[in-house]
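Chemist: Structure here, sequence nowhere to be found:
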């Protein structure tokens with residue numbers, strides 16, 4: 001990490017609109033996209049095996065992701081018998097106006113995203129104690145509740161995003177490992 005102004009880790013992000021929301025508003029498609037973004041190109045067969053779904057189901061969801069511009073076929077890796085798929089973007093940007101314009105789809109996408117985060121966290125907890133010394137102590141799960149004004153919440157969001165952007169990088173340096181950092185801040189759903 002350097003002290004200079006960080007690159008925007010989402011400069012190559014897909015900008016969601018009402019059309020693309022439809023392509024992402026399914027938990028399995030979100031999971032497939034996560035895998036392609038995190039691990040690079042894969043075949044439908046490999047994804048089907050990893051996700052324990054049929055090849056036909058994987059193929060259907062890959063075609064839906066392709067139709068909405070999230071992935072594309074990588075002809076350099078493929079053969080006449082096997083198609084390789086690659087994420088077209090790194091991450092996605094979710095304009096807030098979509099919550100008003102397409103509330104049901106926005107909710108479906110955020111629900112799929114929350115399920116993806118939950119899956120990642122559950123897997124991390126399962127392997128928590130097995131991490132190598134140092135890594136085991138450095139990992140963290142933390143939560144806080146605070147009473148904030150709208151302006152304070154907006155400020156918190158800006159500060160945390162800036163911090164996350166500082167640590168995000170395209171090219172891993174020696175000695176690094178992929179580390180997932182998730183952040184959510186929202187008013188108490190209980191209405192308090």
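Modeler: Right, received. Where do you want to start? Values in this document were obtained by computation on a predicted structure and should not be read as measured data.
Chemist: Quick check: which ranges of the chain have low pLDDT?
Modeler: 1-10, 169-170, 191-192 (pLDDT under 70).
Chemist: how much space between the residue with the largest distance to the centre of it and residue 96?
Modeler: Here the chain reaches farthest from its C-alpha mean at residue 80, the gap being 30.7 Å by CA atoms, centre = their mean. Separation of residue 80 from residue 96 (CB to CB, to the nearest Å) stands at 45 Å. The way it works is simple: take the backbone N, C-alpha and C, and place the C-beta from them, glycine included.
Chemist: Same question for residue 109.
Modeler: Residue 109 sits 13 Å away from residue 96, going by CB to CB.
Chemist: Between those two, which is the more surrounded one?
Modeler: Comparing residue 109 with residue 96 by other CB atoms under 10 Å, the one with more neighbours is residue 109, at 25 against 8.
Chemist: what about residue 69, how many neighbours?
Modeler: Neighbours of residue 69 under the rule other CB under 10 Å: 15.
Chemist: sorry, that was for residue 50
Modeler: Residues near residue 50, counting by other CB under 10 Å: 14.
Chemist: Not including adjacent chain positions, what is the nearest residue to it?
Modeler: Ranked by CB to CB, 6 or more residues apart in numbering and with sequence neighbours excluded, the top spatial neighbour of residue 50 is residue 35, at 6.8 Å.
Chemist: For residue 97, see how far away the one you found is.
Modeler: Residue 35 is 29 Å from residue 97, by CB to CB.
Chemist: Name the residue in these two with the higher neighbour count.
Modeler: Remark: of residue 35 and residue 97, residue 35 carries more neighbours, 18 against 11, as counted by other CB under 10 Å.
Chemist: That one and residue 77, how far apart?
Modeler: Computed as CB to CB, the residue 35 to residue 77 distance reads 15 Å.
Chemist: the strands in the protein, which residues?
Modeler: Under the criterion DSSP state E, the chain contains strands at 14-15, 42-43, 71-73, 84-87, 92-93.
Chemist: Point out the one among those strands that comes closest to residue 183.
Modeler: Counting by CB to CB, residue 183 lies closest to strand 92-93 out of the strands of the chain; the figure is 15.3 Å.
Chemist: Mind giving me the packing neighbours of the helix of greatest length in the chain?
Modeler: When the chain is parsed with DSSP state H, its longest helix is helix 103-127. Helices and strands touching helix 103-127, by 3 or more CB pairs under 8 Å, 6 or more residues apart in numbering; DSSP states H and E, are helix 18-24, helix 27-39, helix 97-101.
Chemist: Please find the angle between the direction vectors of it and helix 27-39.
Modeler: Helix 103-127 runs at 60 degrees relative to helix 27-39, counting by axes from the mean of the first three to the mean of the last three CA atoms, to 10 degrees.
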